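>>> Need a 3D model of the following:
(chains A and B)
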Amino acid sequence: MTNTGMFFRMLFSAVFRRRSRAVMAVVASLVGAATLFCLAMICIAVPQQMNEEMRAYGANLIVTPTEAGADGKAGIDKAMVEHTTEMVAAKGSEKHAAYRYENVRVNAAPYVMAGIDVSEVRNLNHHWVVDGAWPSEGKVLIGRDVADAMGLQVGSGITIGYRASDNTSSSTSGSSGTDASGSADSSNSSDSSSSDATQSQTPSDQPTQDGRVSSDIMDTSGTEFRVAGIVDTGGSEDSIIYATNADVDKLTGTSRGVDVIEYSAGAEDLSALVKSINDMTSMHVKAQQVTKITSSDTRIITMLQTLFWIVSLVVLVLTLVGVGTTISSIVSQRRNEIGLRKALGASSAAIGTEFYVESAMYGLIGGLLGTAIGYGLAQWLCVAVFERSIGFNWWLGAASVVLAALVAVIASIPPVHRATRIDPAVVLREE
Amino acid sequence: MDMLLELDHISKIYGDLHAVDDLSLTVPQGEWLAIVGSSGSGKTTLMNMIGCMDTPSKGSVKLEGRKLEDLNAGQLADVRKNLIGLVFQKFYLVPHLTAVENVMVAQYYHSVVDEKQALEALEKVGLKDRAHHLPGQLSGGEQQRVCVARALINEPKLILADEPTGNLDEKNEKIVLDLFRQLHEQGTTIIVVTHDALVASCAEREIMLNHGVLVGEKWNDEKAREAYEAAGGKPASTGAQVEGAQTGETAIGFADPTKAAKTGGEE
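Down below sits the predicted model:
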């Protein structure tokens, strides 16, 4: 057997033949590692989860065209929608939905109709409460205010008329952006230009009642649709009639670009993303941030993360104290053994190395078990609170085990340092 | 005859207390010396100074011609592991290591671990079949024999034994003393601190301390004394000016009070 073999044999004996004391040290490390790993996992999982939860409440970024076409409503064409989406996707996850707005008449009263891709809108707005079904061919989804104003129910018939004159340049400003207005309501942007941009897409300052403009003209002709469902969001969406893009194209007799693209962007720096889109003037689009959601989202996440880090720091200090006390107790129980080893010719460095490696061993075992338990706890918490599981972060796991070993070694420095200064004569001082 | 150990007017002073008072002593290679005295007489303090585990307040200790006061802590540790084998009254075995591992610990700090050699050392003390038992599974006598095996594994020139039979029954005491006899016959120098008259009487030479002062010296082996004197060896002496101290070059005999204390004066 080599001296290295003997070193590990002594180490093995100290750890596994003195189980009760070793268990104390391992448990001290385990508790610390489990708590820290669990907190760290949650620190990482919570912002991701919060982001996803917040994204479920709709867009945090809207993009509108900066230029009007000859008829005042060219919109953003399909290629530009794809290009803008690529820019957003390059900075993080994204979900989006595009809207084409047209002024229409129902029983001679003007309403706003939005042509949508149903799957996109549905995917973006998880918070929409839809009674019935989403729009499909020949069927529309109407806002709660529209339904209440006209006494419509799911399955009712609705005649929608399109007048090109309602959608000329002068009337456009008052037509196409109720939904964009809805977004802007929540945007609370301090940027007046964004407000203006939104204004250009929002209804004019004409007075409205139950979501319709009050300047009724007695013209009831139009295309017959069925009410597939009624949407209730509590916002401006309740005043809009939603139909598939194909139905809107058919109703208006024209196909054109969209008026608003709403994004739920996962980009870390949303402001930078907005700036990069706005800097590309050749795109002829303007991006603006829905700042109310974004800032509250960030504030809550920052508060939670700060809280978790403070708790982690406290746990780290408590772990140091706990492991230090345990190791100190173990070392003091072995004072005679240390004195004997010195009497046999061991140097202080050799004894220090033995105890530091032993402490690291306790830390490693405790760290491994603690990390596994911490992951279990974090998993349980995430399932209980967020109703979703979290994946194991291997880097964090490795860091947790290494930190546990490091904490055990650091905590053992003072008691081991004291122990290596033991006068070997103590073991002979027995008269 | 080479002197392995030379103490030159050494004292150990704690405040007003002279634990060892101005002692001069020479011990040749191969001698078996017993240091006797009552509790608190300074025997263990003297042994600690000889064993490089304590330093004298005054005077000089020479081991194999090297002055210990000139050595640093690392060099003293080297002297301990290379020259000295220690046997303790309370054994001081590492409780979580087996008998053979306890012997190997001494090899580990000395040079290279050799399990076969460690087993041979245990065989020499009659414990080969108990080699893989933990100290808690061994009797007091067996533990002391492991302690002796550990002390002799590195073939030290000097064995220092502090009350080696203090916790043993008669049978085990005899086994340990036989081991010492074998070591002595092989030329190992043995210094034993003891209360036990029987153990002391096994030594070639005895010195007696009382409150740190040398108060007597006697030889149990005349041939050894003659050889010692022929080699220029002198009786131990003290510079302490107290009544009964052995101050001159003439040894003062003593009636072995330790034996009387142990046996109640029957012998």
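
>>> Which part of chain B gets nearest to chain A, residue-wise?
Chain B approaches chain A most closely through residue B:81 (2.4 Å), counting by Cβ to the nearest Cβ. All C-beta spots, glycine's among them, are computed from the backbone N, C-alpha and C.

>>> Just give the number of residues close to that residue.
Close neighbours of residue B:81, defined as other Cβ atoms under 10 Å in any protein chain shown, add up to 23.

>>> Regarding it, what is its secondary structure?
helix (DSSP: H, G, I helix; E, B strand; the rest coil).

>>> my read: it touches residue A:344, true?
Yes. Counting by Cβ atoms under 8 Å, residue B:81 does reach residue A:344; the two are 6.3 Å apart.

>>> For the residue of chain B closest to chain A, which non-adjacent residue is closest in space?
residue A:345 (2.4 Å; Cβ to Cβ, 6 or more residues apart in numbering or on different chains).

>>> looking at it, the one you found is touching residue B:110, isn't it?
Yes. Taking Cβ under 8 Å as the definition, residue A:345 is a contact partner of residue B:110 at 6.3 Å.

>>> Tell me which of these two has more neighbours.
Neighbours per residue (other Cβ under 10 Å) separate residue A:345 from residue B:110, with residue A:345 holding more: 24 against 19.

>>> which SS state does that one fall under?
Going by three-state DSSP: residue A:345 is coil.

>>> what's the closest non-adjacent residue to residue 17?
As the question left the chain open, I've gone with chain A. Nearest non-adjacent residue to residue A:17, counting by Cβ to Cβ, 6+ apart: residue B:96, 4.0 Å away.

>>> Chain B, not that one
Sequence neighbours aside, residue B:212 is the residue nearest to residue B:17 in space, at 7.9 Å (criterion: Cβ to Cβ, 6+ apart).

>>> ok, now residue B:88?
Among residues not flanking residue B:88 along the chain, residue B:162 sits closest, at 5.6 Å (Cβ to Cβ, 6+ apart).

>>> cool, and residue A:410?
Closest to residue A:410 by Cβ to Cβ, 6+ apart is residue A:320, at 6.9 Å.

>>> if I look at the one you found, how far off is residue A:358?
17 Å (Cβ to Cβ, to the nearest Å).

>>> In terms of packing, which of these two has more residues around it?
Taking residue A:320 and residue A:358 together and counting by other Cβ under 10 Å, residue A:358 has the greater number of neighbours (26 against 16).

>>> Can you tell me the number of residues neighbouring the spatially closest residue to that one that is not a sequence neighbour?
The shortest distance from residue A:358 to any non-neighbouring residue, by Cβ to Cβ, 6+ apart, is to residue A:14 (5.4 Å). For residue A:14, the neighbour count with other Cβ under 10 Å is 23.

>>> Which of the three states applies to residue A:14?
Assigned by three-state DSSP, the conformation of residue A:14 is helix.

>>> and it, what is it in contact with?
Shown in contact with residue A:14 (Cβ atoms under 8 Å, 6 or more residues apart in numbering or on different chains): A:22, A:354, A:358, B:96.

>>> ok, and the second one, which helix or strand is that part of?
The secondary structure element spanning residue A:354 is helix A:348-386 (assigned by DSSP states H and E).

>>> Which residues does stretch B:50-67 contact?
Here stretch B:50-67 makes contact (Cβ under 8 Å, 6+ apart) with A:343, A:423-425, A:428, B:3-13, B:20, B:22-24, B:45, B:48-49, B:68-69, B:71, B:76-77, B:79-80, B:83-84, B:86, B:157-158, B:160, B:191.

>>> what's the answer for stretch A:5-13, then?
With contacts defined as Cβ under 8 Å, 6+ apart, stretch A:5-13 is touched by A:1, A:354, A:357-358, A:361, B:96-97, B:101, B:104-105, B:107-108, B:113.

>>> and if we set it to 10 Å?
For stretch A:5-13, contacts defined as Cβ atoms under 10 Å, 6 or more residues apart in numbering or on different chains pick out A:1-2, A:341, A:350, A:353-355, A:357-358, A:360-361, B:94-98, B:101, B:104-105, B:107-109, B:112-113, B:115, B:134.

>>> pretty sure the residue nearest to residue A:410 contacts residue A:404?
No. Using Cβ atoms under 10 Å as the test, residue A:320 is too far from residue A:404 to be in contact (11.1 Å).

>>> Now the phi/psi pair for residue A:256, please.
phi -150, psi -180 (degrees, to the nearest 10).

>>> Number of residues surrounding the nearest residue to it once chain neighbours are set aside?
Using Cβ to Cβ, 6+ apart and skipping residues adjacent in sequence, the residue nearest residue A:256 is residue A:75, 5.1 Å away. Counted by other Cβ under 10 Å, the residues lying close to residue A:75 total 21.

>>> Just the pLDDT for residue A:75.
Per-residue confidence at residue A:75 stands at 82 (pLDDT).

>>> tell me how far the ends of stretch B:79-95 are from each other?
26 Å (Cα to Cα, to the nearest Å).

>>> got the buried residues for it?
B:79-81, B:83-94 (16 or more other Cβ atoms under 10 Å in any protein chain shown).

>>> Inside strands: which ones of these?
Those of these mapping onto strands are B:84, B:85, B:86, B:87, per DSSP state E.

>>> Would you point out the helix or strand in chain A whose mean pLDDT is lowest?
helix A:192-199 (a mean of 37; mean pLDDT, DSSP states H and E).

>>> returning to that earlier point: hmm, which two among the contacts of residue A:14 are most spread apart?
A:22 and A:354 (14.3 Å; Cβ to Cβ).

>>> My guess is the residue nearest to residue B:88 contacts residue B:43. True?
Yes. Contact criterion Cβ under 10 Å: residue B:162 and residue B:43 qualify, at 8.0 Å.

>>> Overlap of the contact sets of those two?
Among the neighbours of residue B:162, those also in contact with residue B:43 (Cβ under 10 Å, 6+ apart) are A:431, B:35, B:192, B:193, B:194.

>>> which ones are touching residue A:63?
Residue A:63 touches A:76, A:80-81, A:84-85, A:87-88, A:96, A:98, A:197, A:258, A:260-263, A:274, A:277-278, A:283, A:285-288, counting by Cβ under 10 Å, 6+ apart.

>>> The same query, at a cut-off of 8 Å, please.
Residue A:63 makes contacts with A:76, A:84, A:260, A:261, A:263, A:277, A:285, A:286, A:287, A:288, as judged by Cβ under 8 Å, 6+ apart.

>>> ok so, going back, any chance of the ones in strands among the buried residues of stretch B:79-95 in a markdown table, plus pLDDT?
Shown next, in a markdown table, are these (pLDDT from 0 to 100):
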| residue | pLDDT |
| --- | --- |
| B:84 | 92 |
| B:85 | 92 |
| B:86 | 89 |
| B:87 | 89 |
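
>>> Out of these, which comes closest to residue A:108?
Nearest to residue A:108, judged by Cβ to Cβ, of those is residue B:86 at 112.9 Å.

>>> Please identify which helix or strand holds the residue in the stretch 151-300 of chain A positioned nearest to chain B.
Of the residues in the stretch 151-300 of chain A, the one nearest chain B is residue A:300, at a distance of 52.9 Å by Cβ to the nearest Cβ. If you go by DSSP H and E, residue A:300 is part of helix A:291-333.

>>> Residue B:5 now?
Here residue B:5 is assigned to strand B:3-14, by DSSP H and E.

>>> mean confidence for that strand?
93.

>>> what sits in contact with each of residue A:345 and residue B:110?
B:81, B:82.

>>> where exactly do the helices run in chain B?
Applying DSSP state H to chain B gives helices spanning B:43-50, B:73-83, B:99-110, B:115-124, B:140-152, B:170-185, B:197-202, B:222-230, B:257-263.

>>> Sorry, slip of the keys, the one I care about is the stretch 101-250 of chain A.
Counting by DSSP state H, counting those that start in this stretch, the stretch 101-250 of chain A has helices at residues A:118-124, A:144-150, A:169-172, A:178-187, A:192-199, A:245-252.

>>> what about residue 157, neighbour count?
I'll assume chain A. There are 9 residues near residue A:157, going by other Cβ under 10 Å.

>>> I was thinking of chain B, sorry if that wasn't clear
Using other Cβ under 10 Å, residue B:157 has 17 other residues around it.
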